[in-house]
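Trainee: Fold the following and give me the result.
(chains A and B)
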There are 2 protein chains.
Amino acid sequence: MQLVNGIEETTIDARDRGFTYGDGVFRTFPMRAGTVPLWPRQYAKLAADGAALSLECPSPTILEADLAKIAAARPDGVIRITLTRGVALRGYAIPSAANMTRVVSWNAAGATRAAKDDGVHVRWCDFRLSVQPALAGIKHLNRLENVLARSEWNDAGIAEGLLRDVNGDVISGTMSNLFLLRAGELTTPALKGSGIAGVMRDLIIESARAEGVPVHIDRVTPEAVRGADAVFLVNSVIGVWPVAALDAMSWSAHPFAGRMRLWIKNAESC
Amino acid sequence: MQLVNGIEETTIDARDRGFTYGDGVFRTFPMRAGTVPLWPRQYAKLAADGAALSLECPSPTILEADLAKIAAARPDGVIRITLTRGVALRGYAIPSAANMTRVVSWNAAGATRAAKDDGVHVRWCDFRLSVQPALAGIKHLNRLENVLARSEWNDAGIAEGLLRDVNGDVISGTMSNLFLLRAGELTTPALKGSGIAGVMRDLIIESARAEGVPVHIDRVTPEAVRGADAVFLVNSVIGVWPVAALDAMSWSAHPFAGRMRLWIKNAESC
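Mentor: Sure thing, here's the model as predicted:
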């Protein structure tokens, strides 16, 4: 099921700048029993990402009406909201007259969350992310780097790939944010030049600090990953995946995963 | 007028990976009196760009049938061919079952070509291109950098902006390739980390070399641009635009523009 500008529709105009240039932003998050956990955070991030591209986000009311329509038909699943610069004639210049396109779509949830709570196997991607401070952190529609990185493996036993940038700094997974635990302190990559700053990343940072757990938002080297007491991947759909193995390395289960899940649970029930 | 997979159609599936991730390639070129000048070069470049993303280009016969349909209705204009990874479920992994989407669209030609043959005013963009060797040269659908660079000015008297990369090297215009003339020799940026290697760029390089004009494909500094005897912007739609002014600098008309246009004319009539 899918709504385009609020109307149930399977297609978009082929002149849409989302299609022709990737000129837009999106978010992906779960819907459970007809409600979106952490919706205010999802909305705030969508609006902030849009603003970074001078795209004015529709009001919460408009998007909530879309979500309610979907919830009535499909209360459980994964929702994607996409906002684009709209339909326009050819040319990179932003047209003054374009009206944003808003797509809210329902997707079946994967069976991955619980199945991978005990830990996942991951790999290093060879592909290196470029450094572009003007787009770093934003969940925009230009995702070829993620596609190319994810195309490196087909082994269903590998749940995620870790990405480095062209300088060799570790940035994230292909579709998740990264946290390292060492001596009771968390570190997550700074995302000043690459990567997507997800809602779960923010939530973990805030929750940790609220409980007095130091969080370093900094450059991360591959050596720091290998030297961590525990490694975690997070996003809004998967929650928290502890990394059980990275190539030849392995980690035992660590109780900190449960603590992170509790932070998420508490935030979701607010 | 627009064909989607050969059928006249204004829309595409909103789950198309061209829309969701910018997972595809495109080309833009003129159609004149129902024919596409330099079509073999356009096709070869489209196929090469597709191959770089593991997208198998449709045969020339298929695309030529699309072009013939458009030519019958709209013999003059600007054509855009877009190839994407097709419709798929959520997730960056390339689906084994996806069928490519092929969009061939007609657009009205701008009145810009002849009007700007005497020289254009250009500016330096503040926006810096990222360095991504895996995508450099390819005309893929991730064009937010071009959109952001082009959004820096609204003055209709400025025809193009010159782009530098994060290292400060000059790469191209926002929608054109760049040539410098100095002491009878041409230089064009190497495009190893950024930019799009257009059909006209290749044609000029080959034609110049065939006539014994040295062509350097190399790093280009802003100082080299300022020190050039003449500066030219080229693409398949605009042909050759001599740069008459760059911020406070100006250049007089140079006969080399006519020579480049003759190379294009000769190649088009082959």
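Trainee: give the contact list for residue A:178.
Mentor: Applying C-beta atoms under 8 Å, 6 or more residues apart in numbering or on different chains to residue A:178 gives the contacts A:162, A:170-172, A:188-189, A:220, A:225, A:231-233. Every C-beta, even on glycine, is put in place using the N, C-alpha and C of the backbone.
Trainee: Only the buried subset of the residues you listed, as a PyMOL command please.
Mentor: Remark: buried members of the contacts of residue A:178, expressed as a PyMOL selection using 16 or more other C-beta atoms under 10 Å in any protein chain shown:
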select buried, chain A and resi 162+170+171+172+188+189+220+225+231+232+233
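Trainee: Next, the contact list for the residue most central in space within chain A, please.
Mentor: By C-alpha atoms, centre = their mean, chain A has its centre lying nearest to residue A:198, at 4.6 Å. Residues near residue A:198 by C-beta under 8 Å, 6+ apart: A:45, A:139, A:176-177, A:234-236.
Trainee: For the one helix or strand residue A:203 maps to, buried residues please.
Mentor: Under the criterion of DSSP states H and E, residue A:203 resides in helix A:199-210. For helix A:199-210, burial by neighbour count (16+ other C-beta under 10 Å) applies to A:199-201, A:203-205, A:207-208.
Trainee: List the residue ranges of chain A that fall below the pLDDT cut-off.
Mentor: When residues are selected by pLDDT under 70, those of chain A lie in A:111-115.
Trainee: now the helices for it?
Mentor: Here chain A has its helices, by DSSP state H, at A:17-20, A:39-52, A:60-73, A:112-115, A:144-150, A:199-210, A:222-226, A:256-268.
Trainee: can you list these in JSON lines and add distance to chain B?
Mentor: Below are those laid out as JSON lines (distance: least, C-beta to the nearest C-beta, whole Å):
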{"stretch": "helix A:17-20", "distance to chain B": "5"}
{"stretch": "helix A:39-52", "distance to chain B": "10"}
{"stretch": "helix A:60-73", "distance to chain B": "13"}
{"stretch": "helix A:112-115", "distance to chain B": "11"}
{"stretch": "helix A:144-150", "distance to chain B": "4"}
{"stretch": "helix A:199-210", "distance to chain B": "17"}
{"stretch": "helix A:222-226", "distance to chain B": "19"}
{"stretch": "helix A:256-268", "distance to chain B": "21"}
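Trainee: Just say which of those is most tucked in.
Mentor: Among these, helix A:17-20 has the highest mean neighbour count (mean count of other C-beta atoms under 10 Å in any protein chain shown), at a mean of 28.
Trainee: In contact with the closest residue to residue A:181 other than its chain neighbours, which residues?
Mentor: Among residues not flanking residue A:181 along the chain, residue A:230 sits closest, at 4.3 Å (C-beta to C-beta, 6 or more residues apart in numbering or on different chains). Contact analysis of residue A:230 by C-beta under 8 Å, 6+ apart lists A:180-181, A:242-243, A:251, A:254, A:256-257.
Trainee: Same check on residue A:143?
Mentor: In this structure, residue A:143 makes contact with A:22, B:20-23, B:92, B:142, judged by C-beta under 8 Å, 6+ apart.
Trainee: likewise residue A:18?
Mentor: By C-beta under 8 Å, 6+ apart, the residues touching residue A:18 are A:12, A:24, A:82, A:84-85, A:101, A:141, B:19.
Trainee: Now rank those residues by neighbours and give me the top one.
Mentor: Using other C-beta atoms under 10 Å in any protein chain shown as the neighbour criterion, residue B:19 leads these with 31 neighbours.
Trainee: so how far is residue A:135 from that one?
Mentor: 18 Å (C-beta to C-beta, to the nearest Å).
Trainee: Equivalent analysis for residue A:64, please.
Mentor: 28 Å.
Trainee: Please list the residues of the stretch 101-250 of chain A that sit near chain B.
Mentor: A:103, A:105, A:107, A:127-132, A:134-135, A:140-151, A:166, A:174-175 (C-beta under 8 Å from any C-beta of the partner chain).
Trainee: So which of those are in strands?
Mentor: A:103, A:105, A:107, A:127-129 (DSSP state E).
Trainee: dump the residue contacts of residue A:78.
Mentor: A:28-31, A:106-110, A:237, B:90.
Trainee: Repeat that for residue A:88.
Mentor: A:15, A:17, A:95, A:98.
Trainee: Now the residue of the stretch 151-270 of chain A found nearest chain B. Nearest residue, chain neighbours left out?
Mentor: Nearest residue of the stretch 151-270 of chain A to chain B: residue A:151, at 5.2 Å (C-beta to the nearest C-beta). In this structure, residue A:151 finds its nearest non-sequential neighbour in residue B:94, 5.2 Å apart by C-beta to C-beta, 6+ apart.
Trainee: Then residue A:12?
Mentor: Closest residue in space to residue A:12, ignoring its immediate chain neighbours: residue B:14 at 4.7 Å, by C-beta to C-beta, 6+ apart.
Trainee: Residue A:103 is in contact with the one you found, correct?
Mentor: Yes: judged on C-beta atoms under 8 Å, residue B:14 makes contact with residue A:103 at a distance of 5.5 Å.
Trainee: Which residues are in contact with each of these two?
Mentor: By C-beta under 8 Å, 6+ apart, the residues touching both residue B:14 and residue A:103 are A:2, A:4, A:12.
Trainee: can you tell me which of these are in strands?
Mentor: Using DSSP E, the shared contacts of residue B:14 and residue A:103 in strands are A:2, A:4, A:12.
Trainee: now, among those residues, which is nearest to residue A:39?
Mentor: Taking C-beta to C-beta as the measure, residue A:2 is the one of these closest to residue A:39, at 18.9 Å.
Trainee: what's the distance between the closest residue to the closest one other than its chain neighbours and residue A:80?
Mentor: Counting by C-beta to C-beta, 6+ apart, residue A:105 is the residue found nearest to residue A:2 once chain neighbours are left out, at 4.1 Å. Distance from residue A:105 to residue A:80, counting by C-beta to C-beta: 5 Å.
Trainee: higher neighbour count, those two?
Mentor: residue A:105 (23 against 18).
Trainee: I'd assumed residue A:79 was in contact with the more buried one.
Mentor: Yes: using C-beta under 8 Å, residue A:105 is in contact with residue A:79, at 7.1 Å.
Trainee: Residue A:41: which of the ones in strands among the shared contacts of residue B:14 and residue A:103 is nearest?
Mentor: Minimum distance to residue A:41 across these is 23.1 Å, recorded for residue A:2 (C-beta to C-beta).
Trainee: The closest one touches residue B:14, doesn't it?
Mentor: Yes: under the criterion of C-beta under 8 Å, residue A:2 makes contact with residue B:14 at 5.9 Å.
Trainee: between those two, what contacts are shared?
Mentor: Common contact partners of residue A:2 and residue B:14 (C-beta under 8 Å, 6+ apart): A:9-10, A:103, A:105.
Trainee: Between these, which sits nearest residue A:52?
Mentor: Nearest to residue A:52 out of these is residue A:103 (C-beta to C-beta; 19.1 Å).
Trainee: Could I get the contacting residues of the nearest residue to the closest one once chain neighbours are set aside?
Mentor: Spatially, and ignoring its direct neighbours in sequence, residue A:103 is nearest to residue A:82 (4.3 Å; C-beta to C-beta, 6+ apart). Residue A:82 sits next to A:18, A:24-26, A:101-105, A:141, B:19-20 when contact means C-beta under 8 Å, 6+ apart.
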